[in-house]
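Engineer: Build me a model:
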Amino acid sequence: MLRLSWLTIIRQPARTALAVLGVAAVGALLFDMLLLSRGLVLSFRDLLDRAGFDIRILATDAPLFAGPRIPNATGVTLTIAGLPEVDSVLQLRLRDAVLVEDRRRAATPPPDRSAPRIAPDQTDTIDLIGVDPAVRPMWTPVEGTDLPRVAAAAPAIVINRRLARSAHLATGGLLQLRCGDKGSALPPATFVISGIADFPFDDAGARTAATSLDDIARLCGEANDDRSEILLVRSRAGAGAGAAAAAIHAALPHLHVVTNEELVERFSRVEFSYFRQISVVLATVTLFFGFLLIAVLLTVSVNQRLGEVAALRALGLSRWRVVAGVLIESVILVFTGGLLAIPLGAALSLWLDDILRAMPGVPADLHFFAFEPRALVLHVALLAVAALAAAAYPMRIVGTLPIAATLRREVVS
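Structural biologist: Okay, the predicted model is just below:
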């Protein structure tokens with residue numbers, strides 16, 4: 001029966017090619033929607049894990065930058081670091097800084113206090129991060145060295161690649177910054193560029209730099225301000241994030257403690273739910289059109305050869321074999337188109353991913369389409385359901401076909 005179904009398909013190459021290409025197009029869109037349904041969640045989880053910290057601590061459950069800072073951050077850091085379930089704690093202070101000048105010499109002339117104050121150009125603003133250099137950072141150095149663990153004569157700074165390119169900076173050069181929060185009320189500071197690094201949550205247009213907590217405090221005049229926006233915690237290998245988070249919450253119940261898994265679950269339920277709903281709707285629509293395409297083509301094909309089917313039945317071919325032949329035709333068409341759909345969908349997802357990642361504020365390493373075996377299995381299962389559903393009506397036609405009446409009509413016509 002398989003050979004007979006194959007011969008029936010290849011006998012009409014134009015119709016077969018149309019069916020295969022149609023299934024390939026529909027299958028490619030379906031595959032992309034399955035990748036989109038969980039792509040952001042998988043990519044976001046991978047982005048969090050690559051930062052090297054599995055717990056985040058805020059003053060409240062408000063979004064970052066929208067809530068208050070953590071008071072007595074140094075004391076809180078020491079308390080958390082002393083817990084047996086915790087491996088290390090990274091204190092982060094986030095400030096805006098203004099790129100005053102790209103300097104290659106160490107000497108910095110004193111600012112002219114009599115000069116009129118001019119609002120800094122937004123294109124000169126960078127994101128400045130203050131950290132403890134003694135703790136392993138969340139970024140990945142790609143050139144030069146990381147921040148020195150011991151304070152040097154001149155403050156050191158690590159910058160990202162975009163800042164290095166846009167300001168024509170290199171490792172070993174000097175970078176002059178002014179604290180953006182204070183405007184021009186405080187004098188600028190000159191930093192030595194110790195290295196260039198990739199920061200995990202930077203978007204394509206971000207210009208980011210990192211220095212020590214002491215240096216960012218001096219730059220912004222916050223020597224007596226011991227507050228930080230967020231603490232990143234790395235749990236001990238034997239304990240795990242859940243046990244470490246419970247220990248931190250017990251020691252400091254007034255702080256908001258969230259693990260990577262909880263953060264991913266929240267984003268999946270709230271922030272990323274729109275893309276999941278869109279993917280479900282589009283997947284349903286594409287699957288429906290695939291079903292209609294195969295059902296119409298099979299029905300037309302069966303109606304055009306009712307006489308052949310009746311003749312085969314009259315020669316002794318059983319009803320279930322004729323019905324199985326129609327089902328095999330549907331499976332062959334969908335299977336062939338489905339195989340073509342996978343590489344086509346993968347190529348299409350790369351193009352769509354580049355378009356979506358170009359949106360402002362999206363981290364450069366975050367992807368909207370992410371492959372997982374679950375998506376491939378679900379893709380095959382949905383196409384199999386479509387093949388069965390599309391073959392249902394043509395199978396009913398050949399299964400209930402009156403042999404004598406059909407042969408008589410064929411002879412008369």
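Engineer: count of residues packed around E261?
Structural biologist: 14 (other Cβ atoms under 10 Å). Bear in mind the C-beta positions are built from the backbone N, C-alpha and C, glycine included.
Engineer: Please read the previous query as pertaining to F199.
Structural biologist: When neighbours are defined as other Cβ under 10 Å, F199 has 24 of them.
Engineer: Which positions within stretch 213-232 qualify as buried?
Structural biologist: By 16 or more other Cβ atoms under 10 Å, the buried positions in stretch 213-232 come out as 213, 215-220, 222, 226, 228-232.
Engineer: biggest separation within these, which pair?
Structural biologist: By the measure Cβ to Cβ, R218 and L232 form the most distant pair in these, at 22.7 Å.
Engineer: on that earlier part again, out of the buried residues of stretch 213-232, flag the one nearest to L90.
Structural biologist: Nearest to L90 out of these is L232 (Cβ to Cβ; 4.3 Å).
Engineer: tell me the SS of that closest one?
Structural biologist: Under DSSP: H, G, I helix; E, B strand; the rest coil, the three-state class of L232 is strand.
Engineer: Kindly indicate whether the nearest residue to it once chain neighbours are set aside is helix, strand or coil.
Structural biologist: Closest residue in space to L232, ignoring its immediate chain neighbours: F53 at 3.9 Å, by Cβ to Cβ, 6 or more residues apart in numbering. Reduced to three states with three-state DSSP, the structure at F53 is coil.
Engineer: now the helices for the stretch 151-300 of the chain?
Structural biologist: Ranges of helices in the stretch 151-300 of the chain, per DSSP state H, counting those that start in this stretch, are 161-166, 213-219, 241-251, 260-269, 273-304.
Engineer: Next, count neighbours for Q176.
Structural biologist: Neighbour count for Q176, taken as other Cβ under 10 Å: 15.
Engineer: brain fart, N303
Structural biologist: For N303, the count of nearby residues is 10 (other Cβ under 10 Å).
Engineer: was I right about it contacting I397?
Structural biologist: Yes: here N303 lies in contact with I397, judged by Cβ atoms under 8 Å, at a distance of 7.3 Å.
Engineer: quick one on the thing from earlier: in contact with the residue nearest to L232, which residues?
Structural biologist: Going by Cβ atoms under 8 Å, 6 or more residues apart in numbering, F53 touches 90, 138, 232-234.
Engineer: I328 and R313, how far apart?
Structural biologist: For I328, the distance to R313 equals 17 Å [Cβ to Cβ, to the nearest Å].
Engineer: which parts of the top strand by length along the chain are buried?
Structural biologist: In the chain, with assignment by DSSP state E, the single longest strand is strand 86-103. Neighbour-count burial for strand 86-103 flags 86-95, 97-100, 103 (criterion: 16+ other Cβ under 10 Å).
Engineer: ditto for stretch 239-248
Structural biologist: Burial within stretch 239-248, assessed by neighbour count using 16+ other Cβ under 10 Å, is assigned to 239, 241, 243-245, 247-248.
Engineer: same check, this time on stretch 309-321
Structural biologist: Applying a neighbour-count criterion of 16+ other Cβ under 10 Å, the buried positions in stretch 309-321 are 309-310, 312-313.
Engineer: one step back: so among the contacts of F53, where is pLDDT lowest?
Structural biologist: pLDDT is lowest at M138 among these; the value there is 85.
Engineer: Dihedrals phi and psi, that residue?
Structural biologist: Reported as degrees, to the nearest 10, the phi and psi values for M138 are phi -90, psi -10.
Engineer: and what of D127?
Structural biologist: Per degrees, to the nearest 10, the residue geometry at D127, taken as phi and psi, is phi -90, psi 120.
Engineer: Among the buried residues of stretch 309-321, which one lies nearest to V334?
Structural biologist: V334 has its nearest neighbour among the buried residues of stretch 309-321 in V309, at 21.2 Å by Cβ to Cβ.
Engineer: Isn't the closest one up against P402?
Structural biologist: No: contact status for V309 versus P402: not in contact, 11.1 Å apart, counting by Cβ under 8 Å.
Engineer: What are the buried residues along stretch 405-412?
Structural biologist: Buried residues in stretch 405-412, counted by 16+ other Cβ under 10 Å: 406-407.
Engineer: Check the offset of that stretch from the chain's centre.
Structural biologist: How far stretch 405-412 lies from its chain's middle: 61 Å, per Cα atoms, centre = their mean, to the nearest Å.
Engineer: do the same with stretch 44-61
Structural biologist: Here stretch 44-61 shows a centroid-to-chain-centroid distance of 15 Å under the convention Cα atoms, centre = their mean.
Engineer: That stretch - what's its average pLDDT?
Structural biologist: 87.
Engineer: on that earlier part again, mind putting the buried residues of stretch 309-321 in CSV, pLDDT, distance to G361 and secondary structure included?
Structural biologist: Putting those into CSV (pLDDT from 0 to 100; distance: Cβ to Cβ, whole Å; DSSP: H, G, I helix; E, B strand; the rest coil) gives the following:
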residue, pLDDT, distance to G361, secondary structure
V309, 76, 60, helix
A310, 79, 65, helix
L312, 75, 64, helix
R313, 75, 65, helix
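Engineer: Determine which two of these are furthest apart.
Structural biologist: Within the buried residues of stretch 309-321, two members stand farthest from each other by Cβ to Cβ: A310 and L312, at 7.4 Å.
Engineer: where's A28, which helix or strand?
Structural biologist: A28 is part of helix 13-50 when elements are defined by DSSP states H and E.
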